[in-house]
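Colleague: this one's sequence-less:
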């Protein structure tokens, strides 16, 4: 006989775990498919219960959540229960400025009540709890004391854990990249009335590299490199072309030196002027040593 499993998912705990991990590409998540990924052979998912709260502002967040909740409602045996946000006024101690903040309420209470009700009505053999909220420790302990045959598996969302909840459950695991990547909705979800729900922008992962649009010319530098690469065969050596200086510019790129002009530092023999001066000086010294000496007859 298969083991009956009911999944209880803390929506905001799961969302904040994904957000802390930076896994925005997993926001478009099929919660029911994720629950099935966590089961073992012989276990059957009979119902999935999702606990969340409606976001009121900002408007773009509200619209994205609304599309996501409509996609979840297309799943069979899927139930959503809503809590609410409570507004608090916070005053800055330094400047005295006051502002409103909101925090979610009733999610843990609704989950606890539903869990205990299902246990009393014998709707599950194994309860799969997706949360790391330690407020659920009390309900888990109470059900274990009243129904010793019931089992609890706690699945911690990414970047979430609870030592107290780990002790209260029979087994725990951490939801990872592998389970999430196999549990996504397709980009388009069609409702029973034919309305097509499209995945919100930015929920599809990292942006792909942009390709050049048709009719847009590439940058000049890249175009020159592409034209030059067409005529080059693999393994061929590069041949440098001779550079012809433009009129009016100095021929700096021409490496060959012009021959020396006649009379500008070189004689007919081609010897430098410095060597010629040294030769004349040595000749003058020899002539000076011979002055005043007479030859004997």
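Modeller: It's in. Remember, it's a predicted structure, so these values are computed and weren't measured experimentally.
Colleague: Tell me which helix or strand comes right after the host helix or strand of residue 114.
Modeller: Per DSSP states H and E: residue 114 is located in helix 107-120. For helix 107-120, the following helix or strand on the C-terminal side (DSSP H and E) is strand 126-130.
Colleague: End to end on stretch 95-112, go ahead and measure it.
Modeller: Start and end residues of stretch 95-112 are separated by 41 Å (Cα to Cα, to the nearest Å).
Colleague: Compute the mean per-residue pLDDT across that stretch, please.
Modeller: For stretch 95-112, the mean pLDDT works out to 72.
Colleague: again, but for stretch 32-52
Modeller: The average pLDDT for stretch 32-52 rounds to 97.
Colleague: Please apply the same query to stretch 59-74.
Modeller: 95.
Colleague: So for it, what gets flagged as buried?
Modeller: Neighbour counts over stretch 59-74 (16 or more other Cβ atoms under 10 Å) mark 64, 65, 68, 69, 71, 72 as buried. All C-beta spots, glycine's among them, are computed from the backbone N, C-alpha and C.
Colleague: got the contact list for the third one?
Modeller: The neighbourhood of residue 68, defined by Cβ atoms under 8 Å, 6 or more residues apart in numbering, consists of 27, 28, 200.
Colleague: now for the helix holding residue 114, which elements pack on it?
Modeller: If contacts are counted by 3 or more Cβ pairs under 8 Å, 6 or more residues apart in numbering; DSSP states H and E, helix 107-120 sits against strand 3-10, helix 11-21, strand 43-52, strand 78-82, strand 126-130, helix 137-146.
Colleague: hang on, the earlier thing: most neighbours among the contacts of residue 68, please name it.
Modeller: For the contacts of residue 68, the largest number of neighbours (other Cβ atoms under 10 Å) sits with residue 28, at 23 neighbours.
Colleague: quick one: that one and residue 185 touch, right?
Modeller: Yes: the criterion here is Cβ atoms under 8 Å, and residue 28 meets it with residue 185 at 5.1 Å.
Colleague: Quick check: neighbours shared by these two?
Modeller: Listed as contacting both residue 28 and residue 185 by Cβ under 8 Å, 6+ apart are 71, 199.
Colleague: and residue 13, how far is that from residue 136?
Modeller: 10 Å (Cβ to Cβ, to the nearest Å).
Colleague: repeat for residue 106
Modeller: Distance, residue 106 to residue 136, using Cβ to Cβ: 13 Å.
Colleague: Looking at those two, which is more packed in?
Modeller: With neighbours defined as other Cβ under 10 Å, residue 106 and residue 136 compare such that residue 136 has more, 25 against 16.
Colleague: got a pLDDT number for the more buried one?
Modeller: Looking at residue 136, its pLDDT reads 96.
Colleague: in this protein, which spans are strands?
Modeller: Taking DSSP state E, the strands of the chain run over residues 3-10, 43-52, 78-82, 84-91, 98-105, 126-130, 151-156, 171-174, 188-190, 196-198.
Colleague: just checking, what packs against the third one?
Modeller: Packed against strand 78-82 by the contact rule (3+ Cβ pairs under 8 Å, 6+ apart) you find strand 43-52, helix 59-72, helix 107-120.
Colleague: buried sites along that strand?
Modeller: 78, 81.
Colleague: and the angle from that strand to strand 43-52?
Modeller: On the basis of axes from the mean of the first three to the mean of the last three Cα atoms, to 10 degrees, strand 78-82 is oriented at 30 degrees to strand 43-52.
Colleague: what's in contact with stretch 108-117?
Modeller: Residues from elsewhere that reach stretch 108-117 (Cβ under 8 Å, 6+ apart): 8, 10, 49, 51, 81, 83, 127, 129, 131, 133, 135-136, 138-140, 142-143.
Colleague: of the residues you listed, buried ones?
Modeller: By neighbour count, with 16+ other Cβ under 10 Å, the contacts of stretch 108-117 hold 8, 10, 49, 51, 81, 83, 127, 129, 131, 133, 135-136, 139-140, 143 as buried.
Colleague: hmm, which two among those residues are most spread apart?
Modeller: Within these, 83 and 143 form the most distant pair, 21.1 Å apart (Cβ to Cβ).
Colleague: can you put the strands of the chain in CSV and add distance to residue 37?
Modeller: Compiled in CSV, the strands of the chain are given as follows (distance: least, Cβ to Cβ, whole Å):
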stretch, distance to residue 37
strand 3-10, 11
strand 43-52, 10
strand 78-82, 15
strand 84-91, 30
strand 98-105, 26
strand 126-130, 11
strand 151-156, 10
strand 171-174, 11
strand 188-190, 19
strand 196-198, 22
